[in-house]
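S.K.: Structure for the following, please:
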Amino acid sequence: MVRLVQGTPTAFGGAIETIEMHTGGEPVRIVTSGYPPIPGATILDKRRYARDHLDHLRHMLMFEPRGHYDMYGVLPVEPDLADADLAVLFMHNEGYSTMCGHAAIALGRYAVDAGIVAPTAPETIVRLQCPCGMVVLRVAVEQTPTGYVTGAAAFESVPSFAFLLDGRADVPGVGAVPYDIGYGGAFYALVDAAAVGLDLAETPLDRLVDVADGITKHVAATVTLEHPDDADLAFLYGTILTDGGNGRAGRASRNVCVFAEREVDRSPTGSGVSARIAVQCARGLPMGEPCTFESLTGAVFSATPVRRDQVGHFDAVRVEVGGHAYYCGRSSFTVENGDPLGGGFLLR
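M.R.: Numbers count the residues shown, from 1 in each chain. Coordinates of the predicted model:
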């Protein structure tokens with residue numbers, strides 16, 4: 001499939017500077033300068049403004065030739081919560097997500113290394129405002145003779161909850177699908193891959209993507225989601241296919257998350273494992289029980305329910321999710337006058 005996005009490439013005359021990172025292989029492109037101001041009284045207002053007025057810049061940064069189908073980006077904005085150290089919007093191949101755990105882990109390191117938050121050893125607290133709410137990070141910091149060095153990070157999720165347990169759908173091209181729906185900053189359908197005839201170690205990735213995307217589209221069309229905080233949060237972000245495990249007793253449970261427009265997460269998915277833990281807690285997982293989750297790249301996130309919470313009428317939990325992000329480099333992106341593909345395109 002060729003998808004050309006023309007936008008207004010010749011109308012952009014500057015450069016957008018970025019820091020490039022990854023968490024478990026999943027890219028994190030952080031905009032550091034060059035974006036126009038994004039107005040709005042709240043972060044969800046800013047998300048709507050970026051979607052409605054600046055989407056050509058998302059195309060430019062996420063799509064080819066500067067990005068790719070599975071690219072992921074972070075756009076810092078002015079926080080509207082007084083105690084936030086920074087606030088961000090998340091963007092990908094389809095639009096703007098409400099939460100991203102792999103990006104939050106990278107942003108913890110970035111906030112300390114960039115001087116947004118002053119470093120303290122052995123750990124530094126970073127308060128990150130996301131569209132779904134405040135996420136508090138603990139960033140490992142080592143003081144050396146030449147300065148501070150950041151390492152792994154862990155964040156405490158927004159209130160996460162099981163929205164639906166033991167759902168069942170008849171998905172075209174897939175058949176009968178047993179599923180749960182969990183929320184961990186975004187809503188996911190959670191499906192045991194074996195229950196739909198798949199094996200995360202053996203089934204080709206394109207088949208995994210086809211099945212997960214079919215489930216997402218069917219469930220999104222047949223189940224009305226609800227989030228008590230804001231209607232903008234009530235959409236199905238993707239489907240997570242699991243190996244049927246629960247990640248307990250030191251045995252990592254493998255999963256693959258297919259989100260947005262058939263985008264494949266290379267990491268275990270921070271908001272996704274928060275949703276998985278919330279569903280497991282609804283089925284009896286005790287507070288404080290550590291679990292581990294693995295992605296197709298072999299990257300592992302830790303995830304532990306740390307305390308109970310409430311969001312509207314939903315019994316919720318706060319989940320601490322930990323991992324490690326790494327720097328890849330810096331970029332400066334421009335559009336040359338007359339470039340017919342300068343606005344970005346996707347080739348799939």
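S.K.: Now do the helices in this protein.
M.R.: Secondary structure of the chain (DSSP state H): helices at 43-53, 55-62, 101-113, 205-222, 270-282.
S.K.: Could you dump those helices into a markdown table with distance to residue 327 and mean pLDDT added?
M.R.: All C-beta atoms are positioned from the backbone trio N, CA, C, and that covers glycine. Listed next are the helices of the chain as a markdown table, based on distance: least, Cβ to Cβ, whole Å; pLDDT from 0 to 100:
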| stretch | distance to residue 327 | mean pLDDT |
| --- | --- | --- |
| helix 43-53 | 25 | 97 |
| helix 55-62 | 18 | 95 |
| helix 101-113 | 8 | 98 |
| helix 205-222 | 27 | 98 |
| helix 270-282 | 18 | 98 |
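S.K.: Contacts only, for the closest residue in space to residue 133 that isn't next to it in sequence.
M.R.: Nearest residue to residue 133, sequence neighbours excluded (Cβ to Cβ, 6 or more residues apart in numbering): residue 158, at 4.2 Å. Residues in contact with residue 158 (Cβ atoms under 8 Å, 6 or more residues apart in numbering) are 99, 130, 132-135, 184-185, 318.
S.K.: Please apply the same query to residue 26.
M.R.: Per Cβ under 8 Å, 6+ apart, neighbours of residue 26: 72, 102, 265-267, 295.
S.K.: let's see it at 7 Å
M.R.: 72, 102, 265-267 (Cβ atoms under 7 Å, 6 or more residues apart in numbering).
S.K.: where's the most centrally placed residue in the chain relative to residue 274, distance?
M.R.: In the chain, the residue lying closest to the centroid (Cα atoms, centre = their mean) is residue 100, at 2.5 Å. The gap separating residue 100 from residue 274 is 11 Å, by Cβ to Cβ, to the nearest Å.
S.K.: my guess is residue 311 contacts residue 162, does it?
M.R.: No - using Cβ atoms under 7 Å, residue 311 and residue 162 do not qualify as a contacting pair, with a distance of 11.6 Å.
S.K.: Which of those two has more residues huddled nearby?
M.R.: residue 162 (23 against 16; other Cβ atoms under 10 Å).
S.K.: So that one versus residue 31, what's the distance?
M.R.: 34 Å.
S.K.: circling back: isn't the residue nearest to the centre of the chain right up against residue 92?
M.R.: No - using Cβ under 7 Å, residue 100 is not in contact with residue 92; the gap is 8.6 Å.
S.K.: which residues does residue 185 contact?
M.R.: 98-99, 130, 132, 157-158, 271, 274.
S.K.: which of the residues you listed lies closest to residue 114?
M.R.: residue 130 (17.8 Å; Cβ to Cβ).
S.K.: Show me the beta-bridge partners of the closest one.
M.R.: Counting by DSSP bridges, residue 130 is bridged to residue 133.
S.K.: ok, it - contacts?
M.R.: 88, 98-99, 185.
S.K.: top of those by neighbour count?
M.R.: residue 185 (30 neighbours).
S.K.: per-residue pLDDT, the most far-flung residue of the chain relative to its centre?
M.R.: The outermost residue of the chain relative to its centre, with distances by Cα atoms, centre = their mean, is residue 145 at 35.3 Å. Per-residue confidence at residue 145 stands at 96 (pLDDT).
S.K.: Kindly report the same for the one 4 residues further on.
M.R.: pLDDT for residue 149: 98.
S.K.: Could you measure from it over to residue 121?
M.R.: Separation of residue 149 from residue 121 (Cβ to Cβ): 9 Å.
S.K.: Could you check how many residues crowd around residue 187?
M.R.: 25.
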